[in-house]
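[1] one predicted model, sequence on top.
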Amino acid sequence: DGTALVIGKDRTFTFDAVYGPNSQQESIYSEWVSSLVDSFFAGYNATVFAYGQTGSGKTYTMGSGNNAGRLDEELGVIPRVMSDIYARLDGTTKQTSVRVSYIEVYNEEVKDLLHPSTPSKAIQIRERADGTIVLTGVREQAVDSLEGMHRTLEEGSLSRTVAGTLMNSQSSRSHSIFTVSMEQR
């Protein structure tokens with residue numbers, strides 16, 4: 001159902017949506033992400049992937065930068081997902097455990113942002129016999145509240161690699177993945 005952009009003769013890029021500079025964070029969340037949280041609670045994996053040029057707003061849109069002092073309407077995808085998860089958990093009688101991990105990929109090395117003293121060489125990307133891709137050496141951290149999850153995101157964000165570019169003085173010079181795992185019984 002996505003849209004495709006063809007560059008040259010053989011470079012096709014498909015995508016679900018493009019948002020302009022006046023887009024509202026709530027619109028992006030309600031149009032594309034909240035249904036993924038529904039699926040997450042139904043037991044499915046869900047992924048939100050932001051792609052774009054340096055300075056185009058990926059870190060802001062995902063909300064993986066410093067969120068301290070942001071107005072509610074400025075909060076990105078990750079903080080909204082966290083709020084949505086805990087709002088739904090408040091009404092459940094199921095026994096639930098929530099864990100997070102946060103990694104960075106920079107210069108072809110993986111870094112555990114929640115445990116930055118873990119050597120990069122201790123983290124490996126592997127494929128199981130069933131084809132599942134797993135990361136070994138990255139530790140998950142249990143979180144038991146919305147505040148705890150926010151704190152974990154902020155702490156991990158402080159460990160990201162940043163440097164100035166011509167387009168962005170505080171560019172996050174890496175790719176990051178914030179993973180939320182939940183078990184319900």
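    Done, it's in.
[2] the bottom helix or strand of the protein by mean pLDDT?
    Here the helix or strand of the chain ranked lowest by mean pLDDT, DSSP states H and E is strand 171-172, holding a mean of 52.
[3] next SSE downstream of that strand?
    With elements assigned by DSSP states H and E, the helix or strand that comes after strand 171-172 is strand 175-184.
[4] the nearest residue to residue 183 once chain neighbours are set aside - how many residues pack around it?
    In this structure, residue 183 finds its nearest non-sequential neighbour in residue 97, 4.9 Å apart by Cβ to Cβ, 6 or more residues apart in numbering. For glycine as for every other residue, the C-beta is placed from the backbone atoms N, C-alpha and C. Neighbours of residue 97 under the rule other Cβ atoms under 10 Å: 12.
[5] backbone dihedrals for residue 97, please?
    Here the main-chain torsion angles of residue 97 (degrees, to the nearest 10) amount to phi -120, psi 140.
[6] then residue 73?
    Backbone geometry at residue 73, expressed as degrees, to the nearest 10, gives phi -70, psi -10.
[7] please enumerate the helices of this structure.
    25-28, 34-41, 58-62, 77-90, 146-158 (DSSP state H).
[8] where among those helices is average confidence lowest?
    Averaged per stretch, pLDDT over these is lowest on helix 58-62, reaching a mean of 82.
[9] in stretch 35-51, what counts as buried?
    With burial defined by 16 or more other Cβ atoms under 10 Å, the residues of stretch 35-51 counted as buried are 36, 37, 40, 41, 48, 50.
[10] which among the residues you listed gets closest to residue 181?
    For the buried residues of stretch 35-51, the closest approach to residue 181 (Cβ to Cβ) belongs to residue 40, at 9.9 Å.
[11] contacting residues for that closest one?
    Applying Cβ atoms under 8 Å, 6 or more residues apart in numbering, one finds that residue 40 lies in contact with 46, 85, 180, 182.
[12] partners of the last one in the sheet?
    The partner list for residue 182 in beta bridges (DSSP bridges) reads residue 98.
[13] distance check, it against residue 111.
    To residue 111, residue 182 is 24 Å away according to Cβ to Cβ, to the nearest Å.
[14] same thing with residue 79?
    Here residue 79 is placed at a distance of 22 Å from residue 111 (Cβ to Cβ).
[15] quick one: low-confidence parts of the chain?
    In the predicted model of the chain, residues 1-2, 162-173 satisfy pLDDT under 70.
[16] sorry, back to before: widest-spaced pair of the buried residues of stretch 35-51?
    Farthest pair in the buried residues of stretch 35-51 (Cβ to Cβ) is 41 and 50. Separation: 22.3 Å.
[17] would you check how far apart residue 74 and residue 125 are?
    As for residue 74, its distance to residue 125 is 33 Å (criterion: Cβ to Cβ).
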